[in-house]
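> sequence isn't available, so here's the structure alone:
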């Protein structure tokens, strides 16, 4: 009854099914790995973002002026003055489905300088125009921020941007030997208020993403491949049996 499985057509069908199964399994395992990576990353976010605020000196290496990547999202408490002369606008930053700028202002403290993302401002009417940004208060301010580690900046950088606009955050562009070189702060609150006219960047949303459902989806596809192959074989066997029965019934005595 199942001799048809040895025909070229059914050998090809069976080989395709056999090739699909390990492929679906590999894709499912990849999504499980992505899920575990995301869960580990979420644990770091949750642990760091809920830790007690610390002074900048507790995180910055005094020699290299860098912050460890493992300190991403740590809250910091700062006291200093704003350096509005070196304030820049980081282009093409989205917020609530609108494009605008991040307002990056250096904060000078007794223990060094760190760039602070004071918030987001909607873009002006044209790409060559910079919006009016309200200056932060002069004098000493108290700032609460969260640490953000910078990825490496690709080169070359554009040189034809409007004055005061940049395409990426680059603390090393400041002529300040004490500046934190690989990180910046994301403003949470300040006293006096330093974010007038700006929208504060929200804390990250901790989510597992779609990886679990994708992993289960590939397992489902593998199961359906096996079930589909069984159904096709069963239907073909029934068809062959029907043909054989008809041939026997119509054969001459």
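Perfect, I can see it now. Computed from a predicted structure; not experimentally measured. Numbering: from 1, shown residues only.
> separation between the nearest residue to residue 111 once chain neighbours are set aside and residue 114?
With sequence-adjacent residues excluded and distances taken as CB to CB, 6 or more residues apart in numbering, residue 111 is closest to residue 57, at 4.8 Å. Where C-beta positions appear, they are placed from N, C-alpha and C, glycine not excepted. Distance, residue 57 to residue 114, by CB to CB, to the nearest Å: 11 Å.
> circling back: surely the residue nearest to residue 111 touches residue 110?
No - with contact defined as CB atoms under 8 Å, residue 57 and residue 110 do not form a contacting pair (9.3 Å).
> pull out the buried residues from stretch 148-166.
Buried residues in stretch 148-166, counted by 16 or more other CB atoms under 10 Å: 148, 150, 161, 165-166.
> what separates the residue nearest to residue 111 from residue 178, distance-wise?
Taking CB to CB, one finds residue 57 at 11 Å from residue 178.
> with neighbour numbers in mind, choose between those two.
Neighbour tally, residue 57 and residue 178, criterion other CB atoms under 10 Å: the higher count belongs to residue 178, 15 against 12.
> ok, that one - contacts?
When contacts are counted by CB atoms under 8 Å, 6 or more residues apart in numbering, residue 178 touches 65, 111-113.
> again, but for residue 233
Each residue near residue 233 by CB under 8 Å, 6+ apart is listed here: 2, 5, 10.
> which of those are buried?
For the contacts of residue 233, buried by 16+ other CB under 10 Å: residue 10.
> ok so, going back, need the worst-confidence member of the buried residues of stretch 148-166.
Of all the buried residues of stretch 148-166, residue 161 carries the smallest pLDDT score, 85.
> let me see the contact set for residue 89.
Residue 89 touches 101-104, 121, 130-131, 133, 164-166, counting by CB under 8 Å, 6+ apart.
> which among the residues you listed gets closest to residue 220?
Nearest to residue 220, judged by CB to CB, of the contacts of residue 89 is residue 102 at 41.9 Å.
> pull the distance from the helix or strand bottoming out on mean pLDDT in the chain to the chain's centre.
One helix or strand of the chain scores below all others by mean pLDDT, DSSP states H and E: helix 211-249, with a mean of 87. Relative to its chain's centre, helix 211-249 lies at 40 Å (CA atoms, centre = their mean, to the nearest Å).
> equivalent analysis for stretch 78-94, please.
Here stretch 78-94 is found 23 Å from its chain centre; the criterion is CA atoms, centre = their mean.
> mind listing what's buried in it?
Buried, per 16+ other CB under 10 Å, within stretch 78-94: 78, 80, 82-83, 86-91, 93.
> looking at the residues you listed, which are in strands?
By the criterion of DSSP state E, membership of these in strands covers 78, 80, 82, 88-91, 93.
> export those residues to a markdown table and append columns for distance to residue 195 and pLDDT.
Shown next, in a markdown table, are these (distance: CB to CB, whole Å; pLDDT from 0 to 100):
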| residue | distance to residue 195 | pLDDT |
| --- | --- | --- |
| 78 | 14 | 96 |
| 80 | 16 | 96 |
| 82 | 11 | 97 |
| 88 | 16 | 94 |
| 89 | 15 | 95 |
| 90 | 15 | 94 |
| 91 | 19 | 92 |
| 93 | 15 | 93 |
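> tell me the one of the residues you listed nearest residue 241?
Distances from residue 241 to these, taken by CB to CB, are shortest for residue 93, at 67.8 Å.
> need the pLDDT of the closest residue to the closest one other than its chain neighbours.
Spatially, and ignoring its direct neighbours in sequence, residue 93 is nearest to residue 102 (4.8 Å; CB to CB, 6+ apart). pLDDT recorded at residue 102 is 96.
> name whatever forms a beta bridge with residue 102.
Under the criterion DSSP bridges, residue 102 forms beta bridges with residue 90, residue 120.
> can you start the count at 52 instead of 1 from here on
Sure thing, new numbering starts at 52, so read that last one as residue 153.
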